Each structure stands twice: as C-alpha cells, then as structure tokens.
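Enquirer: Sequence and predicted structure, then a few things I'm wondering about:
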Number of protein chains: 2
Amino acid sequence: MNDTFLKACRGEKIDYTPVWFMRQAGRYLPEYQRVRAKVDFLTLCKTPELAAEVTIQPVDILGVDAAILFSDILIPVEAMGMKLEFSELKGPVLYNPIRDDASVARLKKLTPEEDVPFVMDTIKILRKELEKKVPLIGFSGAPFTLATYMIEGGSSKNFLNTKKIMFQSPELYSKLMKKIVSAVISYLLSQIIAGAQAVQIFDSWAGVLAPDDYKEFALPYVKKIVTSLKKLYPDTPVIYFANNCAGIIKDVKKSGADVIGVDWRIDMAEAVKKIGQKAAVQGNLDPCALFLPEQELEKKVQGILLKTEDAKGHIFNLGHGILPETPVKNAIAAVEAVHKYSRKS
Amino acid sequence: MNDTFLKACRGEKIDYTPVWFMRQAGRYLPEYQRVRAKVDFLTLCKTPELAAEVTIQPVDILGVDAAILFSDILIPVEAMGMKLEFSELKGPVLYNPIRDDASVARLKKLTPEEDVPFVMDTIKILRKELEKKVPLIGFSGAPFTLATYMIEGGSSKNFLNTKKIMFQSPELYSKLMKKIVSAVISYLLSQIIAGAQAVQIFDSWAGVLAPDDYKEFALPYVKKIVTSLKKLYPDTPVIYFANNCAGIIKDVKKSGADVIGVDWRIDMAEAVKKIGQKAAVQGNLDPCALFLPEQELEKKVQGILLKTEDAKGHIFNLGHGILPETPVKNAIAAVEAVHKYSRKS
C-alpha cells in the first residue's frame, strides 16, 4: 500500500508530497454522475456498495494518495433523530431545529453500529478494495459545525440563531454540545474500528466565529474529541480542518490534531509559521485555481510546496471542496504537479 | 459639530471613542421601515429627501458620531449601463453580466453629476441638516467587489466566474478594473465636492481571495483610488474596509487609507499590532453580539476598547452591517457603552 499520506500525517520522512482533494468523490466526475443518476444522494450515502464505488473512483482516476469515505456530515445527526432532506435549492434541511431544552432532550444517543451500520459496512468494503492502493480516511463534522446545522435547520448566512443560543442560553448550548461531542466520539471510534486509517474532523463553519468566541464555544469540544481518540488510538492520525481559519489559527493548532487543514484565505507560509512543529499541515490551494491554465496551475502548486518546506509534514489538498464545475483533466494535472515538483531528485 | 469621528480618523487626541455602525440606516429601525413602506429600495436610494431622512434617523435615535450616506454600492454600476434589480430572494441582480470584451466595451464612463445627481443632492441636503450634529461619510464599493457583482450578475457563493476571468483572461480583467477604478475615483471625488467629510471604500468580498491573489488582483486598484483622492483632498479621511481580512491584513494596510476597517473574525489586538501606526482602525464587534444580554455586551465593548489602546486611532463599529433582526435598544446600549467606557476620567 502507498502509505505516503499516513507518513506525512505523522511528520515522517517521505519521498514526495501526498495529495488528495476534499470532495474528490463527487459531481465533477462523470463516473460519479453515472452512479448518482441511479439513486438520490442520501440513498447513495447509505448503500455501502455504491458509496464504496464512488469513494474509489478518484483514487483510480486522479491518482490521489488517499481515499475519503463518501458520506455526508449530517448522517449521524439524522441518526440522532432529526429529519433530514436534501433540497436542490436550499441544500440540507433539518426539520424541527434545536431551539430549546425539549429539542435537545429529544436527541438520541448515537450507537453507530446500530444506527448507521452502512457507514461501517462501506468502510469494511473499502479496506478490502483499497488494500494495495491507498489509505482510507473516515470523517465527521466538528461539534460547532454540526450544532449550526441543528440550530439553523440547514445552511445559514449569519448564523444568528446559533449565536443567539450561544450568547443568550449558554447552558442550553453546552447541553447540546455535550450530546454532539459524545456522538462524534462514538462515530469516529466506530469508523476507526471498522478500518478507517485516519480521520478528519470538518469544522466548516468555525471561521464565522470571532476568535474569542471560537476559543470559548468551539475549540474545547474539538479538543475533547481529539483527546478521546488519541487515548485509544494514538497511531491513527487525526486531521482537523477549520475553514476560514486565518483569524483563529493560533488556537486551531491547540486542538491536539496531528494535522491542521487550512483553507486558501491564509498564506501557507504564515500558516506553517504559526503552527510550527506542533502539527503537519494540509491544504491550501484555492479550489478555483483548478481553472488556471496548466502552466499557471503548476506555479501555484510549486508556490504552496515551497511555503511548506519547513512544516512538520505536508499533505497537499485544496483549501475547500473541489467545485462541481472543475475539469477532471485539471484535477489530474494538479495531482501530477504535486508529485513531480515535490520529489527530491 | 461633533468632530470626534474625524479626529479619530486622523489619529488626533479625542475625549472618547466615536462610534457608528455599518448599515446603521436600515431595516432594524421601525422609522426606516415606515419610509421604506412607501417606496421600493432603489427609489429610496434615488430620492434625495427620503435618502437624507433615513441617513439621519440613526444619528438621532442611536446617538452615533457619524452619518453615512444611504445608498447602494451598485448605484454607480447601474449608471455605467448595467440593468439592476433587487429581488427579495436573490438580492441584487445585474443583467447581462460581464464575461467578454464586448460587455466591458459597452460600459459607460461615469459622470456622477450627470448620471447619479441624486447622490450629490442627498449629500447637499445632509450637510445642511447635519450641520450641528455629526460628520457625513460618503462611500463606494471597492473595484474587486464591484467587479464580482458585474461578472457574477449578483451575489455569489464561490465567485468562480470572477476568478475564471482573473485567471484565464487577465487582460479582460484588467480592462474592466481600469474602467471601474476610473468610475470610483470620479464617484468619490464628486461626493467629497458635494460635501462628504470622509469616504469609505467597501471591499465586501476581498476576503474570498487567496492572499497572493488579493495582492495581484484587488489591492493595486484600491491603492490607485486612495492615491488619487489623497492627492486632491489630503485632509478628507479615507476608510478602507476589507471584509474577512484576517489573512490579508498585512497587505490591506498598504492601501494608503487613513483608517482600516476590520471585520469580527480577527482579534482586534492582532489587527492593531499588524497595522501599527500606519492607520487608525475601525470595527470589529460581531453584529450578532448585539443580541447579548446588556452586561455581556458591555464586556465585549470594553474588550475591544482595551485591545485598541495602542492603535493610532479607533472608531468603534461592528465588524459587518447591523442585522435586520437587531433590537434597537441593544444598538443604543452599545453606543452608550462605547462612549461611557472610553471616556478618560
């Protein structure tokens, strides 16, 4: 197996920089579209054979150095008892959003093997099929990010309902976070037991918080999860991706994660300097850079590689999910450029 | 006239910290709603008596230390020949978005006195009515932000069309920016001549760019505008607000503006440290903090005041526009807290 990705996560010596892309399984691939045409999005997430199939597609097509479980961050939230739907226009919709004690009390404890067995089944299929290929990354949403969906009932512009609860009902917020943290820990442990060789915690909305609020209302819960995972599985790398992290990176690095994922709105040299030898870094190419002419794209790749030379470790990635409009050939060109320019001659 | 705001912009000694709020004239005020009920949004912007009326409302109701012209950043864009509409669901819509040379060529040169006389008329009314009250701030969108609306045809999630043009057709992008820069310079000069005592340049979308791209595709055009204004009106303060600035603040401060506006996703102490004595700062309370219980809100205000003690100057503001849901009494409480806690005893 190509273990370059796992080595980079641990800050070990490697021959070249490994690369994968957030949302690498998805709409920009015709092969994904063909599978997706047969079933709706949630059914795809819940059918192990199909979820495994689309997870592997980018490994074969792009030549990336890691696979990431195809799923949705709201899968465990649905299993906690909230009705979930995906709307073409509005994206995810969670019915009866959390606004009071009663709605928090109604949330069920997550028992992943019973509630979302299809996730573990997908992982088991994948480990067999990826055996001679690349490592498999499991994942979960971070507590604050999951809380925003549960409180807002979907995506949001200002996250006003979430912040109102944080600011006006801190006890309610902390009760909710306790339940989410416990669910995320069980969920990620089950994924590791099923075979995930690394896990990524996606804090997609961390960057909407003022730094002082991030420290109080988001970071402690991530720390708790990382500590619990590392206690039982010290060798399984944990990646923490806090989106729009430029203003909070000094705190993000205190999460305890082995790898810090950084978006594209911070200079990678600055990120590396701030993170120091505390963790490896992952990121940070602007997903729109995949629309550059090939030579310019290569320059951007080289720029990021140069800026990460002093990092404890570096996994090349985009600063956010790959866009549905991305030409596949450009994604392939980026992977090739990372491999080519990072190889020590 | 209360000139505390202007003094703070220039870094002069003041008795207390001045405060105003972005979007302080607007939907959260019942007095605004009553005016707005009579006319649609664009008509309100284009009717000097009404625009002046809503501009003054927050000065009287909240007790802020500056008024800002009520208008919309797309007003000059419409005057350059693009059809503009406001939709309840989608926000601003610009028809026939800019995608090629022909559409750039079609853009008209802006002659503010002829094309948007109502803006100058509003300013003239305001200067009379504000004579014994507070200074008037004029404003414009920044070139990159205006370009995103013109290219995307409205708001956007990923700004892919804008970045595609930047990346794939840099000559086209630069032709467009040249036209926008020239329009913004004329527009702001006309506002100053009509009576605006300070101007703010809103770069609402600067923070969607990677730092290297911000330096190449946004900052130089802002610099050009600031230089042109300062050459003719060295004493009129220029405020540059680059939203989501945490990752680009080191470059934002090179804009040449007298005051740098900062959003809430960066710690104010860090912003002040990075800006140094190069400019005064303005911001950075999370607009959602206006939903805190009064005592907690006061603490947040005090926190920001403390963090700006070493700044060249500080104008208290929110880190983004005031939210429509904001209780007026909380906005008043914030203004009072700023005045109370900043007064040197």
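Expert: Alright, I've got the coordinates. Numbers count the residues shown, from 1 in each chain, chains lettered A, B, ... in the order given.

Enquirer: next one: the helix or strand hosting A:Gln200 to chain centre, how far?
Expert: According to DSSP states H and E, A:Gln200 maps onto strand A:198-203. The chain centroid and the centroid of strand A:198-203 are separated by 4 Å under CA atoms, centre = their mean, to the nearest Å.

Enquirer: ok, now stretch A:213-231?
Expert: Worked out by CA atoms, centre = their mean, stretch A:213-231 lies 16 Å from the chain centre.

Enquirer: Any idea how many residues pack against the nearest residue in space to A:Pro293 that is not next to it in sequence?
Expert: Among residues not flanking A:Pro293 along the chain, B:Gln168 sits closest, at 6.7 Å (CB to CB, 6 or more residues apart in numbering or on different chains). Every residue, glycine included, has its C-beta placed from N, CA and C. By the criterion of other CB atoms under 10 Å in any protein chain shown, B:Gln168 has 13 neighbours.

Enquirer: who touches B:Gln168 in this structure?
Expert: Going by CB atoms under 8 Å, 6 or more residues apart in numbering or on different chains, B:Gln168 touches A:291-293.

Enquirer: related to what we said a few turns ago, note down every partner strand of the strand holding A:Gln200 and its orientation.
Expert: Counting by DSSP bridges, the strands paired with strand A:198-203 are strand A:136-141 (parallel), strand A:238-242 (parallel).

Enquirer: mean confidence for the shortest one?
Expert: When you say that, I think you mean strand A:238-242. Averaging pLDDT along strand A:238-242 yields 98.

Enquirer: that older thread, now the contacts of B:Gln168: which count as buried?
Expert: With burial judged by 16 or more other CB atoms under 10 Å in any protein chain shown, the buried subset of the contacts of B:Gln168 is A:291-292.

Enquirer: For B:Lys124, state which of the contacts of B:Gln168 is nearest.
Expert: Distance to B:Lys124 across those (CB to CB) is lowest for A:Phe291, with 46.2 Å.

Enquirer: Enumerate every residue touching the closest one.
Expert: So A:Phe291 contacts A:325-327, A:330, B:160, B:163-164, B:167-168 (CB under 8 Å, 6+ apart).

Enquirer: what ranges do the helices span in the stretch 201-345 of chain A?
Expert: Taking DSSP state H, counting those that start in this stretch as the criterion, the stretch 201-345 of chain A contains helices spanning A:211-217, A:219-232, A:249-252, A:268-275, A:294-307, A:328-342.

Enquirer: List the buried residues in the last one.
Expert: Right, the one you point to is helix A:328-342. Judged by neighbour count using 16+ other CB under 10 Å, the buried positions of helix A:328-342 are A:328, A:330-331, A:333-339, A:341-342.

Enquirer: same thing with the shortest one?
Expert: Judged by neighbour count using 16+ other CB under 10 Å, the buried positions of helix A:249-252 are A:249, A:251-252.

Enquirer: Stretch A:256-266 now?
Expert: Buried residues in stretch A:256-266, defined by neighbour count with 16+ other CB under 10 Å: A:256-266.

Enquirer: again with stretch A:276-291
Expert: Residues A:279-291 are the ones in stretch A:276-291 that count as buried (16+ other CB under 10 Å).

Enquirer: Adding pLDDT, write those out as a markdown table.
Expert: What follows is those, written out as a markdown table (pLDDT from 0 to 100):
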| residue | pLDDT |
| --- | --- |
| A:Ala279 | 98 |
| A:Ala280 | 98 |
| A:Val281 | 98 |
| A:Gln282 | 98 |
| A:Gly283 | 97 |
| A:Asn284 | 96 |
| A:Leu285 | 98 |
| A:Asp286 | 98 |
| A:Pro287 | 98 |
| A:Cys288 | 98 |
| A:Ala289 | 98 |
| A:Leu290 | 98 |
| A:Phe291 | 98 |
